[in-house]
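Undergrad: heads up, no residue letters with this:
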């Protein structure tokens, strides 16, 4: 039998410029977490908070 899809790919969106900069996988079993990470934004060239954005 095939494995169930326990992980899903999502985008990380910058809170300042609203650009989708990073793609990562999250575990969706038990609900999708509200993930916030401080990542580098190449558009503004600073470290900003990136939030989870599902397509």
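TA: Done, it's in. Here the structure is a predicted model, which is why all the values come from computation and not from measurement.
Undergrad: drop to CA atoms for contacts and neighbour counts, all remaining ones
TA: Fine.
Undergrad: Residue 50: neighbouring residues, count only.
TA: Other residues near residue 50 come to 24 when the count uses other Cα atoms under 10 Å.
Undergrad: Roughly how far does residue 36 sit from residue 49?
TA: Look at residue 36 and residue 49: by Cα to Cα, to the nearest Å, they are 7 Å apart.
Undergrad: and if you look at residue 28?
TA: Note on residue 28: its distance to residue 49, by Cα to Cα, is 22 Å.
Undergrad: Compare these two and say which one has the larger neighbour count.
TA: More neighbours surround residue 49 than the other of residue 28 and residue 49, with 16 against 13 (other Cα under 10 Å).
Undergrad: is it true that the more buried one touches residue 35?
TA: No: counting by Cα atoms under 8 Å, residue 49 does not reach residue 35; the two are 10.2 Å apart.
Undergrad: element containing the residue minimising distance to the centre of the chain, please.
TA: Nearest to the mean C-alpha position of the chain, by Cα atoms, centre = their mean, lies residue 12 at 3.1 Å. Secondary-structure assignment from DSSP states H and E places residue 12 in strand 7-14.
Undergrad: Contacts for that strand, please.
TA: 19-29, 41, 48-55 (Cα atoms under 8 Å, 6 or more residues apart in numbering).
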